[in-house]
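J.: test case, fold it:
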Amino acid sequence: MKSILKKSLFFAILVFITSCTTISYVPRVSLDVSPKSINKSVQIDKLKDSSPIDGKYNPFGGSSVTHPNAISNELDVEVTNAIVNDFSTNGVFKHVSRKIDNPDYTIKGEIIKFYGKSGLTDNAKIFIGLAMVSAIAAPMTSNPVVLFGALPLYTLYFGFPAYQNMTEIELVFKLYDKNNTLVGTYTGKAYDNNVTSIYHNIMFALPTLTNKTLSSAVMQIREQILNDISKLEK
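T.: Take a look at the predicted model:
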């Protein structure tokens, strides 16, 4: 019995340690060339980061893309630069920059939510916890019932989902004209979630998944802005 529990404890610790991986994240927007181009100049101010602070903490046995150790600069700076680069490279406007003399429009944006985390699934956390409790209780009793605490852990061995990547991003853009009059408000929301077994640790795929979600949110905003092209080119 003790041998089984020792193996279970070792397995639980191994799954936990495998999930604790350091990642590096740089926000990037990857979209195709804009189907239309607005023949105006736009200045994009640094976005305001209003995202919940808990999104910047690493989850139990996992990582967050916005943790200070994962992202090299402030989130608001990185996301702003990524969006400016996309709008400029793909020709959403005639001229796009962080700083323009006398721009036709100014975009003031806000990061409502920026969530990208990787770690153990809820069930995996429970199974590992039960196995550890069983291993601790084993020396105190000869009752074989303690073995049952370790059994759920072995479902992970047979392919039950153990790791998960979850992303959720929400951005709001407000477009102002030269008179600082609000012309339009545009919102982008996107979400994604991947789970896998212990045989495929997907933590290193979290930055890519987060940028895919970011690109989806920016794409929604871009489409909304282009829908107002006739109004914006007056």
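J.: CA-only coordinates of stretch 172-185 in PDB, if you can.
T.: Presented in PDB, the C-alpha positions along stretch 172-185 are these (Å, rounded to 0.1, in the frame of the first residue of the first chain):
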ATOM      1  CA  VAL A 172     -12.500  49.400 -26.300                       C
ATOM      2  CA  PHE A 173     -11.400  52.100 -28.800                       C
ATOM      3  CA  LYS A 174     -12.800  55.600 -28.800                       C
ATOM      4  CA  LEU A 175     -12.200  57.700 -32.000                       C
ATOM      5  CA  TYR A 176     -12.000  61.500 -31.700                       C
ATOM      6  CA  ASP A 177     -11.800  64.100 -34.400                       C
ATOM      7  CA  LYS A 178      -9.600  67.300 -34.400                       C
ATOM      8  CA  ASN A 179     -12.100  69.000 -32.200                       C
ATOM      9  CA  ASN A 180     -11.900  66.200 -29.700                       C
ATOM     10  CA  THR A 181     -15.400  65.200 -30.500                       C
ATOM     11  CA  LEU A 182     -16.200  61.500 -30.100                       C
ATOM     12  CA  VAL A 183     -16.900  60.100 -33.500                       C
ATOM     13  CA  GLY A 184     -17.200  56.400 -32.700                       C
ATOM     14  CA  THR A 185     -16.700  53.700 -30.100                       C
END
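J.: got the contact list for that stretch?
T.: 42, 102-110, 112, 186-188, 221, 224-225, 228, 231-232 (C-beta atoms under 8 Å, 6 or more residues apart in numbering). Backbone N, C-alpha and C define where each C-beta goes, glycine included.
J.: tell me the buried residues in it?
T.: Val172, Phe173, Leu175, Tyr176, Gly184 (16 or more other C-beta atoms under 10 Å).
J.: same question for the longest helix along the chain, mean pLDDT?
T.: The residue-count maximum for a helix in the chain (DSSP state H) belongs to helix 206-227. Mean pLDDT, helix 206-227: 97.
J.: now for it, which elements pack on it?
T.: Packing partners of helix 206-227 (3 or more C-beta pairs under 8 Å, 6 or more residues apart in numbering; DSSP states H and E): helix 75-89, strand 105-120, strand 163-176, strand 182-196.
J.: burial check on Ser72, number of neighbours?
T.: 11 (other C-beta atoms under 10 Å).
J.: how far away is it from Pro103?
T.: According to C-beta to C-beta, to the nearest Å, Ser72 stands 28 Å off from Pro103.
J.: again with Leu120
T.: 47 Å.
J.: of these two, who's got more company?
T.: Between Leu120 and Pro103, counted using other C-beta under 10 Å, Leu120 has the larger neighbour count: 25 against 20.
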